[in-house]
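Visitor: Here is my input; please provide its structure:
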Amino acid sequence: MWVFESFFVFNMGLMGIICLFYVFLATDLHLLSLAGMLSVLIDRKSIGHFPILSDYCLYQSEFITVICLVARLARECTLSPAVESGDYAMASNVQSLSPPEAWKLVQEDQRVVLIDVRSSMEFLFVGHPRGSVHVPWIDAPEWIVNPNFVTEVRKVMLGGVGMGIHSSDAPVVLICRSGKRSLEAGKLLIENDFTEVYNIVEGFEGELDDSHHRSTLGGWRFHQLPWEQC
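Guide: The predicted structure is shown next:
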């Protein structure tokens, strides 16, 4: 009887070591197969010396396989949320900035590209932030979403407007009239592998006030930031 007890304690300890190894070090299912094979080899050797243990050994290899699968699931549940809530989540959202925050970012980081996505008429006659590049999201005469928007932004990032300091992974700051069109444009850029995209939430003119006037509640001009007009 002491032989059975010794063998049982030895095998349970071995299973524990295998499972711990699998939880902390396994990177794919090959280690699961290795664990199962090791268990079967031990069982075969045990059966040859102790036939009375055959029933125990029949279930032992299945048991260790189940334990390893549970360990694998626990490992994935522990690690996956950290990855998803870290870099991936950060890269999958358009980040928001107020006009003063956006201007500060432009001043502090020379890689930043400030893009005005309003129509040509708005950009020229209403005015635009100083140093901004015009890439319309919707423009005359069709007044439909620009099918070449992403391509045109990439050209800007690669120095298409004489800004050789910028690179394809430089921060992109978008502005429109009140932050709505620029948000949609930013989402499209994120979908096309841009990693750092910001939206100026108040836009250039801000929302309408009770008298249906803009630039009185918020916006680039409201905060008296540098702007130009043709």
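
Visitor: State the pLDDT value of Ser33.
Guide: The per-residue pLDDT reported for Ser33 equals 44.

Visitor: show me where pLDDT drops low in the protein?
Guide: Residue ranges of the chain with pLDDT under 70: 1-92, 160-168.

Visitor: any chance you could map the helices in this protein?
Guide: Counting by DSSP state H, the chain has helices at residues 2-25, 30-49, 54-83, 89-91, 99-108, 120-121, 149-157, 181-191.

Visitor: which residues touch the shortest one?
Guide: Read it as helix 120-121. His134, Pro136, Asp139, Ala140 (CB atoms under 8 Å, 6 or more residues apart in numbering). In short, each C-beta sits where N, CA and C put it, glycine included.

Visitor: Scan those and report the most crowded one.
Guide: By neighbour count, taken as other CB atoms under 10 Å, the most surrounded of the contacts of helix 120-121 turns out to be Pro136 (23 neighbours).

Visitor: mind listing what that residue touches?
Guide: Contacts here follow CB under 8 Å, 6+ apart; on that basis Pro136 touches Val117, Arg118, Ser119, Ser120, Phe123, Asn146, Phe149.

Visitor: Buried ones only from the residues you listed, please, as a ChimeraX command.
Guide: Burial among the contacts of Pro136 is assessed by 16 or more other CB atoms under 10 Å; the matching ChimeraX selection reads:
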select :117,118,119,123,146,149
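
Visitor: Make CSV from the contacts of Pro136 and add distance to Gly159 to it.
Guide: Shown next, in CSV, are these (distance: CB to CB, whole Å):
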residue, distance to Gly159
Val117, 20
Arg118, 23
Ser119, 25
Ser120, 22
Phe123, 21
Asn146, 20
Phe149, 18
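
Visitor: What is the nearest of the contacts of Pro136 to Ser182?
Guide: Distances from the contacts of Pro136 to Ser182 were compared by CB to CB; the smallest belongs to Val117, at 5.2 Å.
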